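In: could you work out the structure for the sequence below:
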Amino acid sequence: MGVFKYSPVDFLFTCVGLVFLLLDIVLDIFAAVSFYQEKAYVCLFILVLFLVGSSVLVQAFSWLWYSYENFNRETKVEKCLSLSQLKLLHVLQLGIYFRHAGVVEISVCSFFSEHQTPEDFAVYLSHDLSMLRLIETFSESTPQLVLMLTIILQRGQLDPVTVLKAVGSASAIAFSVTTYHRSLRSFLPNKEKQQMSSSVVYFFWNLFVILSRLTALALFASVLPCYIFTHFFCSWMVLFFFVWRSKTEFMDSPSGEWLYRATVGLIWYFDWFNVGDGRTRYRTLLYHGYILADISFLCSLWCWKMSTEIQQCHAIFIAASVVAVYLLGLLLKMIYYMCYHPKLSKGELKGDSTEMFLTGQGPTRSQMFSGDVTVFAMSLSGDVVDNIPQSLLTNDDTDTDVTDRSLPSPPAPDIKRCNKRMRKLAENFYS
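Out: Model (predicted):
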């Protein structure tokens with residue numbers, strides 16, 4: 001189990017993430033203005049489509065997670081808004097910035113508080129934020145990077161705004177992948193803490209795999225731009241089918257679960273994202289085999305179309321390099337799993353069933369110390385029931401009446417805050 005620690009490094013990542021978010025907005029505006037001035041209305045439309053679609057998707061997840069927690073708001077930033085104002089904030093596509101402000105506030109408080117609760121809650125909020133940033137990355141930054149690379153390939157020149165936006169998108173992808181891995185690592189017990197080198201290998205493995213995939217898509221889109229959306233839709237349908245067959249249980253509502261599965265299909269179009277319970281070795285091999293074949297197919301089509309414009313040997317070298325980078329990423333992934341990846345059971349991770357998950361479904365103090373405790377205990381796992389005194393589970397008249405108001409109230413149970421959504425992902429990744 002253990003207590004979740006919010007380290008200065010986590011706080012630094014939170015602040016840097018906010019800077020990247022604001023910088024990305026500025027770059028989006030510059031790119032949109034640049035396309036409008038150049039009368040590149042098709043590129044402008046695609047860019048706006050990515051921005052609006054990603055924003056709506058992220059705000060939908062943010063609002064659903066608030067609703068699952070009965071709209072509990074414990075930071076001062078959150079409490080300053082009513083429920084209607086919170087809803088309006090998400091409608092105006094500002095929910096993620098609101099979450100950023102709450103994380104920064106509770107992070108600062110955790111450094112000046114002697115109690116553990118603010119620190120636990122800072123980790124809890126940062127976990128949700130890292131997941132939202134990951135969704136935003138694969139629904140906005142990765143498609144934008146494909147668009148910018150395609151424009152560079154078609155024009156054959158390096159436009160400053162396009163290059164700057166491409167670098168910004170690549171930085172957002174790298175940062176999002178790194179913070180997501182740090183969130184997963186926080187569930188490891190202290191004795192199983194991974195070395196910092198594991199994050200480095202994890203980062204470069206995903207960097208090579210994602211960049212190879214995005215480059216292959218950009219090469220294909222540069223010669224057959226009208227077919228890239230058909231390729232995406234057909235691939236997404238196949239991937240969505242396999243996500244559905246994985247029987248995911250991430251969200252707390254059926255509609256939310258279908259949205260999550262559709263989002264995972266989108267993420268899988270660019271990179272592997274472990275969402276299944278138990279051993280997923282064969283599913284991972286099947287996925288990487290499919291993506292490797294698809295990359296080879298896309299690069300082959302590009303070579304065929306470019307054979308009349310550049311030397312064939314150069315085209316073959318570029319296509320082979322893209323495939324080789326993907327294979328290098330898979331090699332680093334194998335090294336990570338052989339040298340750094342701890343294999344743990346679900347019970348060994350922090351935040352098990354004895355800890356409250358901040359979903360608004362936990363027992364009240366009166367339920368914990370009244371006759372209703374028997375009903376509550378029956379809903380817990382066997383290990384939790386064993387830890388409850390037998391006198392609280394029976395109505396024997398010879399026992400002390402725990403509801404006697406003349407007696408002092410027992411101390412409140414020690415409740416640790418744990419993000420059950422990120423813990424579910426940690427279970428899929430480590431077990």
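In: flag the shaky bits of the protein, pLDDT-wise.
Out: Along the chain, segments meeting pLDDT under 70 span 1-11, 13, 110-122, 190-195, 278, 345-346, 348, 351-417, 431.
In: pop the domain breakdown of it in here.
Out: Annotated domains of the chain cover 1-186, 195-341, 365-421 [automatic domain parsing].
In: JSON lines for those domains, including distance to Leu349 and mean neighbour count?
Out: Every residue, glycine included, has its C-beta placed from N, CA and C. Shown next, in JSON lines, are the domains of the chain (distance: least, C-beta to C-beta, whole Å; neighbours: other C-beta atoms under 10 Å):
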{"stretch": "domain 1-186", "distance to Leu349": "9", "mean neighbour count": "18"}
{"stretch": "domain 195-341", "distance to Leu349": "14", "mean neighbour count": "17"}
{"stretch": "domain 365-421", "distance to Leu349": "10", "mean neighbour count": "13"}
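In: switch those domains over to TSV; also include distance to Phe429.
Out: Shown next, in TSV, are the domains of the chain (distance: least, C-beta to C-beta, whole Å):
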stretch	distance to Phe429
domain 1-186	5
domain 195-341	5
domain 365-421	13
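In: Lys350 is nearest to which of these?
Out: Of all these, domain 1-186 sits nearest to Lys350, with 4.8 Å by C-beta to C-beta.
In: chain center to the closest one: distance?
Out: 10 Å (C-alpha atoms, centre = their mean, to the nearest Å).
In: how about stretch 269-280?
Out: Worked out by C-alpha atoms, centre = their mean, stretch 269-280 lies 12 Å from the chain centre.
In: and that stretch, end to end?
Out: End-to-end span of stretch 269-280 (C-alpha to C-alpha, to the nearest Å): 18 Å.
In: residues in contact with it?
Out: Stretch 269-280 is touched from outside by 138, 142, 206, 209-210, 213-214, 232, 235-236, 239, 243, 246-248, 250, 264, 267, 283-284, 287-288, 425, 427-429, 431, with contacts defined as C-beta atoms under 8 Å, 6 or more residues apart in numbering.
In: let's see 7 Å
Out: Applying C-beta atoms under 7 Å, 6 or more residues apart in numbering, the external contacts of stretch 269-280 come out as 138, 142, 206, 209-210, 213-214, 232, 235-236, 239, 243, 246, 248, 264, 267, 283-284, 287-288, 428-429.
In: from the residues you listed, which ones fall inside helices?
Out: Among the contacts of stretch 269-280, the residues falling in helices (DSSP state H) are 142, 206, 209-210, 213-214, 232, 235-236, 239, 243, 264, 267, 283-284, 287-288, 428-429.
In: doesn't Val26 make contact with Leu164?
Out: No - assessed by C-beta atoms under 7 Å, Leu164 is found out of contact with Val26, at 10.1 Å.
In: now the helices for the stretch 151-300 of the chain?
Out: 160-185, 196-223, 228-245, 254-268, 281-306 (DSSP state H, counting those that start in this stretch).
In: turn those helices into JSON lines, columns for distance to Lys420.
Out: Converted to JSON lines, the helices of the stretch 151-300 of the chain look like this (distance: least, C-beta to C-beta, whole Å):
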{"stretch": "helix 160-185", "distance to Lys420": "13"}
{"stretch": "helix 196-223", "distance to Lys420": "23"}
{"stretch": "helix 228-245", "distance to Lys420": "20"}
{"stretch": "helix 254-268", "distance to Lys420": "14"}
{"stretch": "helix 281-306", "distance to Lys420": "23"}
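In: mind checking which of these is nearest Leu328?
Out: Using C-beta to C-beta, the helices of the stretch 151-300 of the chain put helix 196-223 closest to Leu328, at 5.2 Å.
In: which SS state does the nearest residue to Met306 once chain neighbours are set aside fall under?
Out: Spatial nearest neighbour of Met306, chain neighbours left out: Ala315 (4.9 Å); criterion: C-beta to C-beta, 6 or more residues apart in numbering. Per DSSP: H, G, I helix; E, B strand; the rest coil, the secondary structure class of Ala315 is helix.
In: my read is that Ala315 contacts Thr308, right?
Out: No - between Ala315 and Thr308 no contact is recorded; they are 10.1 Å apart, counting by C-beta under 7 Å.
In: which ones are touching the most centrally placed residue in the chain?
Out: The centroid of the chain falls nearest to Met131 when counting by C-alpha atoms, centre = their mean (2.7 Å). Taking C-beta under 7 Å, 6+ apart, we find Met131 in contact with Arg421, Met422.
In: how close does it sit to Val322?
Out: Distance, Met131 to Val322, by C-beta to C-beta, to the nearest Å: 30 Å.
In: the closest residue to Leu301 other than its chain neighbours and His288: what is the separation?
Out: Nearest non-adjacent residue to Leu301, counting by C-beta to C-beta, 6+ apart: Phe220, 6.0 Å away. Applying C-beta to C-beta, the value for Phe220 to His288 is 19 Å.
In: same thing with Leu224?
Out: For Leu224, the distance to His288 (C-beta to C-beta) stands at 24 Å.
In: could you do Phe297 as well?
Out: Noted for Phe297: a distance of 15 Å to His288, by C-beta to C-beta.
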